[in-house]
Every structure is written in structure tokens, then in C-alpha cells.
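Student: Predicted model follows, preceded by the sequence.
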Amino acid sequence: MNYRKRSVRFLLPAILLMVLISCHVGSRKDEKDNVITPVPLDNNVGADLKTMLGHAADNKDQLNDTIFLGYRKLMDSVYENNGYTPFWSGKERWLLSGDSLFSFIGHSKELGLFPSDYHYSALAFIRRIVDEDTMARKNATIWARADLMLTDAYFTMVKHLKQGRLQYDSVTLRKDSLLPDSFYTKNLAAALQSNSIRASLQALEPRSKGYDSLKTYLGDFLATAHFRRLTWVEHPNWSENPKKDSAAFYQSLVRRLQEVGYIDSAATTVDTATMAGAIRNYQRANKLKISGKASEEMVTMMDNSDWEKFKRIAINLDRYKLLPDSLPSVYVWVDLPAFKLQVVDSDTVVLESRVIVGAPKTRTPLLTSEISNFITYPQWTVPMSIIMKEMLPAIKKNVDYLRKQNLMVVDDNDSVRDPMKINWARLNKNNFPYQIKQRQGDDNSLGVMKFNFRNKYDVYLHDTNVRWMFDKSFRALSHGCVRVKEWRKLSDFLIRNDTMKYHPDTLRAWISRQEKHTVYGFAHVPIFIRYFTAEGKKGKILFHEDIYGEDRQLRDRYFANKPIY
């Protein structure tokens, strides 16, 4: 019996080697010959590198059935220029650079990356068999394949650390949408020459306090995270009748309840009573409202596993890579999911305020602009979208709605019209020759102050006449503009260098007298309105609600089926 066990232990590496070699390009006869009589590494590794790259070129960059080389074209020239000499190994051993890169890939989750994007499993398999089996260690084919995967992994990491994995969008401020080949090759050459793979790759990361704090606390998150691949529960349209729930939602919910033990995993069909009982048990165990019916809160909790949280962290780290390499010395930063505005001066947050942002149906747009002026006791011109959706139906029911809301009707000549003399029943989106404005005052929807910045969405920062809403935890409530709790402090900051012209006491006097004034002439301050749902704060990662479903969309587009290892 002991003899049999020893035989199996010694035969296993050889069997694994045969499986690996069977994927090698070229004729089956050559592959068998390689298994029986390994070709000396130093004689044939260059030939194998060249042959494998040629095979990949003829097969849509597939090295074999499971390995795709994303940078095969670049690798053709890199290896040719290097005389088809391997970069990561030599004389039947891994070079220090190869060990360093493999280790970096293995710990890449610490940077919000996925090891599976860098051939980690295949490389780990090769490293294991060459460590355990002398015959494998002498086979040029194995070393050549590993070298190609490591080079491809290095170039992929350069891309992911420098630019991230998200597509550039309308608010991306970077100009390097396409990295030139020289960027990759110079980086590789410098890393190999200095023998500093880790330092070379880490130098590509963003230089941002937000990025650094999120990455710092990611290590603590990973130390306690329990990664388990669970079914993602499809989110139905909760505003519709529950009976309209899609089949995909129901099926994914059943699978998830089976995975976590609330429904028998062997069950192929689940009746209504069993389903309701399983949901009640899940709700009871997770301290949710017990109803026996799936709710948005329940599905959100199910899709908030550690593995899904990691994907959200990865998305947010990549959002920093869409910013320029350096931000202005002074700027205003609005983070929509955090419901927070910050004023940054010389890399220090000098002002922070709660904000109210657009509701999910009337989102605040992401944008970059400059605050150019602000107005005390502004007059609100109601956007046509709000007039049509909300005000016109109310006016048609009772014209007195205008008086109660302190609204006036103005024609094309900017003349105030008597609303009682207007035939409101005939007006619609195709026939509305008026503007509706709200008179300035304490009950104006814009409050006491409005901050203007150029943008195509006609949104701005402003005070509000419903300041009690700042005490709510969920503050995605506006029509799209951003309401600022600390509007007075923001105005004082904007004129901080021009107190001769605009003394703070002057502003206070205007406000106390309810006077309308436009304040301008100060240095324009850049404003960034962005969407970040995770941040490192007070020793941990704080997650904000995905108010507009942006994380969910990006997760589905880029990271839905990522393997854990």
C-alpha cells in the first residue's frame, strides 16, 4: 500500500506535465517527443517563444484554448528585439524579476486588481510542477509559455494601474486615452534593469489622498473578508407591481437562497409556500422586516457580500484613475453618493458641508466647471421639465397653486401676467409661451444664495428653503441641483482674497436686507461633481449607497463573472 502511494505521488507531476504540454502549439508528434525527451532549455527556449507567438498571431492572439495574450502584437517586437531571450527565467530557474512579478500578481487584490486578469492560476500551476518535477524543469516549452504569460501580465498591469479598466467618459480629464507602445516598453526595460518590478508598477498609481486612503484600508478589509462566489440576485424594477418580477430575478433568488442554506440545494422546483418560508427565515436571520416577500432592502443585502464589496472598491479605485495626474491647488469637490461637498486648499480640506443632490429620477450630472459668481436672494426661473411634470398639472387643478408657491408667470417680454386670465387648459409642452419664476425671499426654493458655474445642464449650487432636509441620512431628493448647507462659509471662502471689495459684513448686510446682488470678480474656483461610493475613513472602508445604480452597471459590464482566484 505504501509503495502504491509513493508511486502515485511521483507519477502525478509527470501526468500534470503531459496535460500541460498537450496544449503546446505544433504537431502532436513533436509534443509527445517533448514529453519523452525534454529539449534542453538553453538550446530551444528562443525557438519556442518565436513559435508560440506565431501560433498566437494565427489564432486571434490565443496562446492555447485558455490563455489569451492581450498584448501579443507588442510582445512580437519586444521579444524580437531581445533576441527571443526570456525576461523572467534562465538556466532552469526563475529570475528575481520573475519571482517578484509572480508575487505581485498574487497580491494584486491589495491594489483593487483581480489576479485572474494576469494568468495567475496558469502561472501558479507551472511554478508548482517545475518545483516538483525535474523533467518539467528541463522543458523549454514550459518556461517559454510562462515567460509569455508573465510579459503579457506585466503589460496588462501597466494599463490597469495607469488608466484603470473603466472606459473614459465625458468627464474624464485625462488626455492619454491610448498609451503608446513606447510607454509599455520603456517601463518594462526600466523595471528589469533596476530589478524593481514592484516599485515600477506602483509608480503608475494615482497620486491622490482619496486613492491612498482607500487602498490603505483595503488591506484591513482583505484580512477579514470571506470571499465566496454567490449568485448575483437580479434587481427587478421595484416601482412596478411585484407580480411583474422577471423570471431571471426569481431564478437568481432561488439559487441564492439555496447557496446560503434556506432552500434545499437538491430542489429543482420550489413552490410558493417554500419560497415564502425561505424568505421569512432569511429576513428573520438578517434582522429585516419579516414579510415573506422579497424587498429591495433584502436584495441589496444579498448582493453586498465581501466579494461584491471588493468589486465596488475596485470600481472606485479605478474612478481615481480617470482624474488628471494632478488637481488644482484650490477646488470644490462634490461627492454625490456621500452627500458631501468639500473645499480643498493646498491639499487640505478647509470646508466641508452636507449637500442634497438629485433624486434617482432627476440625477445631478457629473461635470467639471468653475464657480464664476454667486447671487444673494436669487430669483428662480423654473426649468420647463419641472413645469410640465409637476407644476402645470397642479395649476390646472387650482390656479391658486401659483400664489401659495410664491410663483409668477412671465411672458416673452419679461412682463408679469395675471394667471387668472390665462387659459391653462390649452397649454402643454408644445404650447407654453411663458416662464414661471419664483419671487426672491426666504421661501424661495433657491434660498438665500445661488452659486453659478457654466454647464450645459443648467444646474448650480444653492441654499434651500427646506433646510431640515439636511438632517436626513438619504439626501438624493432634489431636481438635479446641489443644495449646500454651509452656503455662507462657501461664499466667504470665495471672496477670501477680495475683502476690500466684498467684506463679509457687506454680504451679511445684503442678506439681512434681503437684497439681490451678484458677486463676481474673484478668482474662479474649479468644481468637480463626481460619483464615489467607497472611501477610506477613520480606519476602515466606508461604503455609500449606490444612489444612481452606477456601481451596479459597471460591475455588470466589467467584473460580473470574475473568478475569486
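Tutor: Cool, got the structure.
Student: I figured Arg483 hits Val355, correct?
Tutor: Yes. Using CB atoms under 8 Å, Arg483 makes contact with Val355 at a distance of 6.2 Å. (Glycine included, C-beta is placed from N, CA and C.)
Student: Spatially nearest residue to Gly358, not counting backbone neighbours?
Tutor: Take Gly358 and drop its neighbours on the chain: the residue closest to it by CB to CB, 6 or more residues apart in numbering is Thr364, 3.7 Å away.
Student: for the stretch 1-150 of the chain, which spans come out with low pLDDT?
Tutor: 1-43 (pLDDT under 70).
Student: nope, the chain is what I meant
Tutor: 1-43, 236-245.
Student: thinking again about what came up before, Arg483 and Val355: which is more packed in?
Tutor: Arg483 (26 against 23; other CB atoms under 10 Å).
Student: The more buried one belongs to a helix?
Tutor: No. Using DSSP: H, G, I helix; E, B strand; the rest coil, the assignment for Arg483 is strand, not a helix.
Student: Quick check: the gap between it and Tyr217.
Tutor: For Arg483, the distance to Tyr217 equals 30 Å [CB to CB, to the nearest Å].
Student: circling back to that earlier point, number of residues surrounding the residue nearest to Gly358?
Tutor: Count around Thr364 with other CB under 10 Å applied: 24.
Student: what about it, helix or strand, and which?
Tutor: Taking DSSP states H and E as the definition, Thr364 sits outside all helices and strands.
Student: quick one, phi/psi of the residue nearest to Val448 when sequence neighbours are not counted?
Tutor: Nearest residue to Val448, sequence neighbours excluded (CB to CB, 6+ apart): Asp463, at 4.7 Å. Here is the backbone geometry of Asp463 (degrees, to the nearest 10): phi -70, psi -180.
Student: my guess is Asp463 meets Ser445, correct?
Tutor: No. Asp463 is not in contact with Ser445 according to CB under 8 Å; the separation is 9.5 Å.
Student: The two - which one has more neighbours?
Tutor: Remark: of Asp463 and Ser445, Asp463 carries more neighbours, 24 against 21, as counted by other CB under 10 Å.
Student: Let me see the contact set for that one.
Tutor: Taking CB atoms under 8 Å, 6 or more residues apart in numbering, we find Asp463 in contact with Leu446, Gly447, Val448, Met449, Lys450, Arg483, Val484, Trp487.
Student: let's see it at 10 Å
Tutor: The contact partners of Asp463, taken as CB atoms under 10 Å, 6 or more residues apart in numbering, are 376-378, 444-451, 483-488, 490-491.
Student: Please spell out the PyMOL selection for the buried subset of those.
Tutor: Paste this into PyMOL to select the buried members of those, with burial taken from 16 or more other CB atoms under 10 Å:
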select buried, resi 376+377+378+444+445+446+447+448+449+450+451+483+484+485+486+487+488+490+491
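Student: Strands - which of the contacts of Asp463 land there?
Tutor: Thr376, Met449, Lys450, Phe451, Arg483, Val484 (DSSP state E).
Student: what two of the residues you listed are the furthest from one another?
Tutor: Greatest spatial distance among the ones in strands among the contacts of Asp463 (CB to CB): Thr376 and Arg483, at 16.2 Å.
Student: Met408 looks like it's in a strand, true?
Tutor: Yes. Looking at Met408 with three-state DSSP, it is inside a strand.
Student: What is the burial count for it?
Tutor: 18.
Student: I'd like the distance between it and Val416.
Tutor: Met408 is 5 Å from Val416, by CB to CB.
Student: go on, Ser326?
Tutor: For Ser326, the distance to Val416 - CB to CB - is 50 Å.
Student: next one: Ile126
Tutor: From Ile126 to Val416 the distance is 80 Å (CB to CB).
Student: so which helix or strand takes in the spatially closest residue to Leu188 that is not a sequence neighbour?
Tutor: Closest residue to Leu188 apart from its sequence neighbours, by CB to CB, 6+ apart: Tyr154 at 6.2 Å. Assigning secondary structure by DSSP H and E places Tyr154 in helix 140-162.
Student: No further queries at this time; thank you.
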